[in-house]
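> Can you look at this prediction? I've put the sequence above it.
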Amino acid sequence: MKIPPLLAHAVVFLGAALVSAYVAAADEASIEPDPARVRELIHIVRQDCGSCHGLTLKGGLGPALTAEALADRPAEGLVATIIGGRPGTPMPPFHTILSEPEAVWIVDLLLRGFPPDGGLPQARGVD
Amino acid sequence: MSSRDVRLAPPALWGVILSAMVMLLSACSSAPAVAVRGSGDLGVVIERADGNVKVIETSGRSVLATVGGLGDLSHASVVFSRDGRYAFVFGRDGGLTKVDLLQAKVVGRVVQAGNAIGGSISHDGSLVVVQNYDPGGIKAFDANTLELVADVPATADDGTRSKVVGLADLSGKRFIYSLFEAGEIRITDFSDPKHPVTQRFAGGKQPYDALVSPNGRYYIAGLFGEDGLALIDLWNLDKGSRKILSGYGRGEQPLPVFKMPHLRGWSIAGNRAYLPAIGRHEVLVVDTETWAEVDRIKVKSQPVFAMARPDGREIWVNFAFPDNGWVQVIDTVTGQITDTLQPGRGILHMEFLSKGHEVWLSARDDNKVVIYDTATKQPIGGFDSASPSGIFFTTRAARTGF
């Protein structure tokens, strides 16, 4: 019944490797910004993207951004639209406002159903 | 002596009877005591995230009531009945809600489209017309009952429907509006409400909003898709439309526009129009006789509203995200910026009192309305409000294009 020490070591080693590989892969898909920035990004999407796409993201001058509306859209294309805009339409490029990992994070949330806006943190000093 | 006593008795008796009647009558009225007030002092503040409007009064700068249940109010706008008693609130979700400002309650509501952007009211006050994105078109409603009177789809020649922008009231139950995708301007006449008649005019590439001048003579549509604006002289309709300020961008690469500018009759001060440029951090100044450019004023960022103080002496400008914490004031005599203000975070809207001595600003990201004295440029009041956007005073009831 005793497990050979070599096998135990191998199992533990492989298990640890698999877990860290999984975590790394998840990290690559979407990097969670720090909590203050999360709040800011959610606010930007709801309020400022919302000025064209609607506060509920059900559309306006711009198309709907609900999970259902985006269901068959590849994430990379959506990230490219956010960062680079869509020439010929009113969609502006947001690369001066958002980093690419932040755009990836936003698209991931949009595809899963975007959370409600908790408002901005209290006013900071003069910026 | 006794006869004199008899003569005195009836007035005493009447005194008793009258006071009894007054007491009985006041007991009958079960409604809470509402202060008698004039509607000309009132207004509404849209609380976009909560589907509420705050009913305010401007003399005491105070909130009278909060009225809820109005749906999705992102990009909501308001027009008023001629007497200033009722506010018609147009919600993004297609909701049209009639609010009685004196009683602070909803007295009518219909959800008339999937996605709406605003509305207008006929000069006689009988028809409220809504402009819709989806399905694209306009709909006319009876202002008393909110019953649908007419549905006019914005269908282009190829059969597709366009989003409707820049709706404004004209004389004689006529309304003018622009078609975003089709690039057309249309006038629909509801004189016979069941049989509306529509005229079509060339517009330009992607009209995003429009204005009718305060005297009702000119309609100007701002164009997103080209450097220029479309103009119609409504007193000479047979001449059709023409372009003004063509090529104002001088072929330069436009800057990103993070929020579409808004146009209304407030852009006109004296014989000049002050128009936000698209993709340029400038306010364009146009002579309203010749429609030639006379000046362009560099401002902090992409202007959203360029609003003339009602006396026309100043233009107050706010900006698109991410510079929406700033407001600049232009002196119309010198054409110079006299003040650069930071009234709060996320300044979405500004509304002047009718003689222009005060301006109310909504600071969305600070959850408050701030009130400035336009003479001193100093804050003189304000109040808390959840994510406020539009501020609308009943004095709009008296103006064409509002």
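Looks like it came in fine. Numbering: from 1, shown residues only, chains lettered A, B, ... in the order given.
> next SSE after whichever strand or helix holds residue B:286?
If you go by DSSP states H and E, residue B:286 is part of strand B:282-287. The element immediately downstream of strand B:282-287 (helix or strand, assigned by DSSP H and E) is strand B:293-298.
> That following strand pairs with which strands?
Strands that pair with strand B:293-298, judged by DSSP bridges, come out as strand B:282-287 (antiparallel).
> Enumerate the positions of the partner strand that are buried.
Across strand B:282-287, burial judged by 16 or more other C-beta atoms under 10 Å in any protein chain shown covers B:282, B:283, B:284, B:285, B:286. For every residue, glycine as well, the C-beta is placed using N, CA and C.
> residues in contact with that strand?
B:244-245, B:248, B:271-277, B:292-299, B:303, B:306, B:315, B:317, B:330, B:335 (C-beta atoms under 8 Å, 6 or more residues apart in numbering or on different chains).
> Give the buried subset of those residues as a PyMOL selection command.
Buried subset of the contacts of strand B:282-287, written as a PyMOL selection, criterion 16+ other C-beta under 10 Å:
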select buried, chain B and resi 244+245+248+272+273+274+275+276+277+296+297+299+303+306+315+317+330+335
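> hey, where'd the helices end up in the stretch 251-400 of chain B?
Applying DSSP state H, counting those that start in this stretch to the stretch 251-400 of chain B gives no helices.
> Where does it get nearest to chain A, which residue?
residue B:256 (3.5 Å; C-beta to the nearest C-beta).
> who's in contact with that residue?
Here residue B:256 is in contact with A:85, A:92, A:93, A:94, A:96, B:279, B:302 (criterion: C-beta under 8 Å, 6+ apart).
> ok, and the most crowded of these?
Of the contacts of residue B:256, residue B:302 is surrounded by the most neighbours, 26 neighbours in total, counting by other C-beta atoms under 10 Å in any protein chain shown.
> How is chain A partitioned into domains?
As recorded under automatic domain parsing, the domains making up chain A are A:1-30, A:32-112.
> Which among those domains is found nearest to chain B?
Per C-beta to the nearest C-beta, nearest to chain B of the domains of chain A: domain A:32-112, 3.3 Å.
> name the element residue 107 belongs to?
Just so you know, I chose chain A. Counting by DSSP H and E, residue A:107 is part of helix A:100-112.
> could you do chain B instead?
Assigned by DSSP H and E, residue B:107 falls in strand B:105-111.
> Which strands and helices lie in contact with that strand?
Contact here means 3 or more C-beta pairs under 8 Å, 6 or more residues apart in numbering or on different chains; DSSP states H and E; on that basis strand B:105-111 packs against strand B:95-100.
> what angle separates the strand it packs on from strand B:105-111?
Using axes from the mean of the first three to the mean of the last three C-alpha atoms, to 10 degrees, the inter-axis angle of strand B:95-100 relative to strand B:105-111 is 160 degrees.
> Note down every partner strand of strand B:95-100 and its orientation.
With DSSP bridges as the test, strand B:95-100 pairs up with strand B:86-90 (antiparallel), strand B:105-111 (antiparallel).
> contacts for it?
B:44, B:53, B:55, B:67, B:69-72, B:85-91, B:105-112, B:116, B:119, B:128, B:130, B:141, B:146.
> Write out the residues of the stretch 301-402 of chain B neighbouring chain A.
B:321, B:322, B:342, B:345, B:346, B:364, B:365, B:366, B:367, B:387 (C-beta under 8 Å from any C-beta of the partner chain).
> please redo it, this time with the cut-off set to 7 Å
B:321, B:322, B:345, B:364, B:365, B:366 (C-beta under 7 Å from any C-beta of the partner chain).
> before we move on, the earlier item: which of the strands paired with strand B:95-100 is buried the deepest?
Highest mean neighbour count of these: strand B:86-90, a mean of 26 (counted as mean count of other C-beta atoms under 10 Å in any protein chain shown).
> Just the CA trace of that one, in CSV.
Taking Å, rounded to 0.1, in the frame of the first residue of the first chain, the C-alpha atoms of strand B:86-90 are listed here in CSV:
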residue,chain,number,x,y,z
TYR,B,86,-46.2,69.6,-17.7
ALA,B,87,-42.8,68.2,-18.6
PHE,B,88,-42.6,65.6,-21.4
VAL,B,89,-39.6,63.5,-20.7
PHE,B,90,-38.0,61.4,-23.5
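> which residue is nearest the centroid of chain A?
residue A:105 (1.4 Å; C-alpha atoms, centre = their mean).
> what's the closest of the contacts of residue B:256 to residue B:354?
Nearest to residue B:354 among the contacts of residue B:256 is residue B:302, at 28.6 Å by C-beta to C-beta.
> if we can go back for a sec, from the residues of the stretch 301-402 of chain B next to chain A, pick the one nearest residue B:402.
Nearest to residue B:402 out of these is residue B:364 (C-beta to C-beta; 21.9 Å).
> In contact with the closest one: list those residues for me.
A:47, B:346, B:348, B:387, B:388, B:389 (C-beta atoms under 7 Å, 6 or more residues apart in numbering or on different chains).
> Just these: which are in strands?
B:348, B:388, B:389 (DSSP state E).
> For the last one, give me the pLDDT.
In this model, residue B:389 is scored at 94, pLDDT.
> How far does stretch A:88-97 sit from its chain's centre?
18 Å (C-alpha atoms, centre = their mean, to the nearest Å).
> could the contacts of residue B:256 be laid out in JSON lines, adding distance to residue B:214, secondary structure and pLDDT?
As requested, the contacts of residue B:256 are exported to JSON lines (distance: C-beta to C-beta, whole Å; DSSP: H, G, I helix; E, B strand; the rest coil; pLDDT from 0 to 100):
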{"residue": "A:85", "distance to residue B:214": "36", "secondary structure": "coil", "pLDDT": "96"}
{"residue": "A:92", "distance to residue B:214": "32", "secondary structure": "coil", "pLDDT": "96"}
{"residue": "A:93", "distance to residue B:214": "37", "secondary structure": "coil", "pLDDT": "97"}
{"residue": "A:94", "distance to residue B:214": "37", "secondary structure": "coil", "pLDDT": "97"}
{"residue": "A:96", "distance to residue B:214": "38", "secondary structure": "coil", "pLDDT": "95"}
{"residue": "B:279", "distance to residue B:214": "27", "secondary structure": "coil", "pLDDT": "93"}
{"residue": "B:302", "distance to residue B:214": "25", "secondary structure": "coil", "pLDDT": "97"}
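> Out of those residues, which is nearest to residue A:42?
residue A:94 (14.8 Å).
> what's the closest non-adjacent residue to the closest one?
residue A:82 (5.2 Å; C-beta to C-beta, 6 or more residues apart in numbering or on different chains).
> So the one you found is in contact with residue A:93, correct?
No: applying C-beta atoms under 7 Å, one finds residue A:82 not in contact with residue A:93, separated by 8.2 Å.
> any idea how far residue B:97 is from residue B:374?
Using C-beta to C-beta, to the nearest Å, we find residue B:374 at a distance of 31 Å from residue B:97.
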